[in-house]
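A.B. asks: turn this into a structure:
(2 chains)
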2 protein chains.
Amino acid sequence: MIRHIVLFTWTEDATAEQKATVAAELRKLPGLIPQLRSYTVGGDAGINQGNYEFAVVADFDDVEDYLVYRDHPQHQAVIAQHIKPIVATRAAVQLRV
Amino acid sequence: MIRHIVLFTWTEDATAEQKATVAAELRKLPGLIPQLRSYTVGGDAGINQGNYEFAVVADFDDVEDYLVYRDHPQHQAVIAQHIKPIVATRAAVQLRV
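C.D. replies: Below is the predicted model:
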């Protein structure tokens, strides 16, 4: 299995509506990209100081399925239209599980 | 459920042995901390450029169980003895799933 993990911080001027739209748009992807085996998306729970603000954890059967997701036009549209305008920092890892 | 996610980069002088020891020591924790429901630990798969180097994804039934893990002496010992000496950057999120 490939587990794809991304954490984001948002720009200071990002609005609550913009942040909520990122989550809502990403959550449409499992209905559009059948290679997604599991998809966890959401904001930090506020338990600890100094955290990033938003996380995506996506599981795939193999690298090929992950690449379908990574390069999928609907995913790329969410990145271009909703994530890139408000992203400050991004940290990502793909794990072989 | 609470999903705890941490990504790390290591210092340039961190050795392969030191990095492998972090993974090996963390993988002992599920046997010591029964609150851990699922625990995924490992290095980046090398699919994409610019990634962080190491990831931990830990699932718990609730915040209280996550805090047991966070503050557990065996976990804190791994952080102090094996992670802190080689960590360059750290990004974390706790998600309510």
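
A.B. asks: what pairs with the most centrally placed residue in chain A across the strands?
C.D. replies: Residue closest to the average C-alpha location in chain A (C-alpha atoms, centre = their mean): residue A:56, at 3.8 Å. Bridge pairing for residue A:56 (DSSP bridges) gives the partners residue A:6, residue A:41.

A.B. asks: contacting residues around it?
C.D. replies: The contact partners of residue A:56, by C-beta atoms under 8 Å, 6 or more residues apart in numbering or on different chains, come to A:4-6, A:26, A:39-41. Bear in mind the C-beta positions are built from the backbone N, C-alpha and C, glycine included.

A.B. asks: could you dump the residues you listed into CSV with pLDDT and distance to residue B:52 added?
C.D. replies: Output for the contacts of residue A:56, formatted as CSV (pLDDT from 0 to 100; distance: C-beta to C-beta, whole Å):
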residue, pLDDT, distance to residue B:52
A:4, 98, 12
A:5, 98, 9
A:6, 98, 10
A:26, 98, 20
A:39, 98, 20
A:40, 96, 18
A:41, 97, 19
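
A.B. asks: okay, residue A:24 and residue B:18: tell me how far apart.
C.D. replies: 41 Å (C-beta to C-beta, to the nearest Å).

A.B. asks: all helices of chain A, in order?
C.D. replies: A:16-26, A:63-71, A:73-78 (DSSP state H).

A.B. asks: which parts of the last one are buried?
C.D. replies: By neighbour count, with 16 or more other C-beta atoms under 10 Å in any protein chain shown as the criterion, the buried positions of helix A:73-78 are A:75, A:78.

A.B. asks: one more: the first one?
C.D. replies: Buried residues in helix A:16-26, counted by 16+ other C-beta under 10 Å: A:19, A:21-22, A:25-26.

A.B. asks: ok, stretch A:74-90 next?
C.D. replies: Going by 16+ other C-beta under 10 Å, stretch A:74-90 has these buried residues: A:75, A:78, A:82-83, A:86-87, A:90.

A.B. asks: stretch A:47-59 too?
C.D. replies: Applying 16+ other C-beta under 10 Å to stretch A:47-59 flags A:47, A:51-59 as buried.

A.B. asks: likewise for stretch A:64-72?
C.D. replies: A:65-66, A:69-70, A:72.
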